[in-house]
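Undergrad: Kindly return the folded structure for what I paste below:
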Amino acid sequence: MKFFLWAGFLLFVFSCKQKEETIRPTVQNITESVYAFGKVKSKDQYEVYAPVSGIIQKVYVTDGSAIKKGDVLMTLANDVSALNQENARVATQYQSVEANVDKLNEAQVTIDLASAKRQNDSVLLERQRKLWANDIGSRNDLEQRELAVQNSATALQTAKLRYRQLKKQLEFTDKQAKKTLEISTAVTKDYSVRAIRDGKVYIVNKEPGELVSPQVPIAIIGDADGYILELQVDEYDISKIKQGQKVFITMDAHKGQVFEAVISKIDPLMNERTRSVTIEATFTEQPPYLVPNLSVEGNVLIRAKQDALTIPRNYLIDETYVLLQNGEKRKVSVGLKDYQWAEISSGLGKNDIIKKPVQ
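TA: Residues are numbered from 1 along each chain as shown. Here you go, the predicted structure:
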């Protein structure tokens, strides 16, 4: 008796499972879309890094601070760098051309004296030649005067050469000292972390006394009011994505609401680890409250059609056939598809009845 009851129960369950599910196609609007997920980012958001390694001496901003381009966010301890800069400044002052003008003046005086001597020797030579022409004086006296003129001319040329060399050396030393000061000043500036554009400090990750390096972000800065969407699209779907396409966005921070955005950028490189491509979108109308890193989900609108003949996607067989109520397997042409519905372009009428395939 128990055996018959159990067999009857199994037969009932089996017959229920084999009950056919049938439907007629539905005429409705359908859209084809691609799923994307990601987060909200501040416009022009970037991470701040220290130019050099060091210990934070002072932090000048806090979370939420409004900043301008060039504002100092924090400074690092830089005693050695400051001393080097001061040393370079002193050297620049000492080695400048202006500070060594006395040396040039002295060299110019030497030129003037040599020039005067050459002129005087030339006058004496001319006088000696006139005497020699009148048979006055000796040949030796004339040669001595000629030698004196040659020596004074050589001395004048040497004085001028030394002046030019001194001036060139002083100018070189001046430029070298100034360049050293520029380098020292640039190195010292590296110990001041500055904002590269106007915006808002969203978070400061470090405090005075902590060690920082160029590899670790110390703050996040972005636009104070503007926000963008950073979304991930699977590599399977990226070929369908184009700039200017609409994206319908939902987020936990605004439950039950849908926001419209437009794709503004598509990264040219795929992330090998996630096998996805990053795209950016801008809100058509920005929600009233946003902060960076809010999670979002989106559907990128690829195509849309009104009054389309549709069936549930799970009624398709191999994405190409449907099963009629009489058991006939009919080939159909499939148009747009979303996650639940598929458009039937041809092969099926709105009065046909189809069965759900057995999974």
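Undergrad: Skipping its backbone neighbours, what lies nearest residue 54 in space?
TA: residue 76 (3.6 Å; CB to CB, 6 or more residues apart in numbering). Glycine gets a C-beta too; all of them are placed from N, C-alpha and C.
Undergrad: cool, and residue 323?
TA: residue 355 (4.7 Å).
Undergrad: quick one, what contacts that neighbour?
TA: 20-22, 315, 323-325 (CB atoms under 8 Å, 6 or more residues apart in numbering).
Undergrad: can you rerun that using 6 Å?
TA: 20, 22, 323, 325 (CB atoms under 6 Å, 6 or more residues apart in numbering).
Undergrad: what are the phi and psi values for it?
TA: phi -100, psi 150 (degrees, to the nearest 10).
Undergrad: Okay, and the beta partners of it?
TA: residue 22, residue 323 (DSSP bridges).
Undergrad: And the contacts of residue 355, which is closest to residue 257?
TA: The closest of the contacts of residue 355 to residue 257 turns out to be residue 22 (CB to CB; 37.1 Å).
Undergrad: so what pLDDT did that closest one get?
TA: pLDDT, residue 22: 90.
Undergrad: and it, how many residues sit next to it?
TA: 12 (other CB atoms under 10 Å).
Undergrad: Next: residue 303.
TA: Other residues lying near residue 303 total 13 when counted by other CB under 10 Å.
Undergrad: Excluding chain neighbours, give the residue nearest to it in space.
TA: Residue 303's closest residue in space is residue 32 (CB to CB, 6+ apart), at 4.6 Å.
Undergrad: so how many other residues sit close to the one you found?
TA: Count around residue 32 with other CB under 10 Å applied: 19.
Undergrad: need the contact list for it.
TA: The contact partners of residue 32, by CB under 6 Å, 6+ apart, come to 302-303, 336-337.
Undergrad: which of these are buried?
TA: 302, 336-337 (16 or more other CB atoms under 10 Å).
Undergrad: What segments of the stretch 151-300 of the chain are strands?
TA: 192-194, 199-204, 211-212, 217-222, 227-234, 246-251, 259-271, 276-283, 295-312 (DSSP state E, counting those that start in this stretch).
Undergrad: Please disregard the earlier target; I meant the stretch 1-150 of the chain.
TA: Under DSSP E, counting those that start in this stretch, the stretch 1-150 of the chain gives strands at 22-23, 26-42, 46-49, 54-59, 66-67, 72-76.
Undergrad: So for the fifth one, mean pLDDT?
TA: Per-residue pLDDT values across strand 66-67 average out to 93.
Undergrad: and it, how far out from the chain's middle?
TA: Put simply, strand 66-67 sits 20 Å off its chain's centre (CA atoms, centre = their mean, to the nearest Å).
Undergrad: quick one: low-confidence parts of the stretch 101-250 of the chain?
TA: 187 (pLDDT under 70).
Undergrad: would TSV of the strands of the stretch 1-150 of the chain with distance to residue 308 be doable?
TA: TSV is the format used below for the strands of the stretch 1-150 of the chain (distance: least, CB to CB, whole Å):
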stretch	distance to residue 308
strand 22-23	16
strand 26-42	5
strand 46-49	45
strand 54-59	60
strand 66-67	51
strand 72-76	56
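Undergrad: Return the residue of this structure that is most distant from the centre.
TA: Centroid-distance maximum for the chain: residue 135 at 93.0 Å, with CA atoms, centre = their mean.
Undergrad: Backbone dihedrals for that residue, please?
TA: Dihedral angles for residue 135 - degrees, to the nearest 10 - are phi 60, psi 30.
Undergrad: OK, contacts around residue 218?
TA: 48, 50, 205-206, 212.
Undergrad: ok, and the closest non-adjacent residue to it?
TA: Closest to residue 218 by CB to CB, 6+ apart is residue 206, at 4.7 Å.
Undergrad: which residues sit in contact with that neighbour?
TA: 56, 212, 218.
Undergrad: The longest helix seen in the chain - contacts with which helices or strands?
TA: Using DSSP state H, we find that the single longest helix of the chain is helix 139-189. On a contact count with 3 or more CB pairs under 6 Å, 6 or more residues apart in numbering; DSSP states H and E, helix 139-189 meets helix 79-95, helix 101-133.
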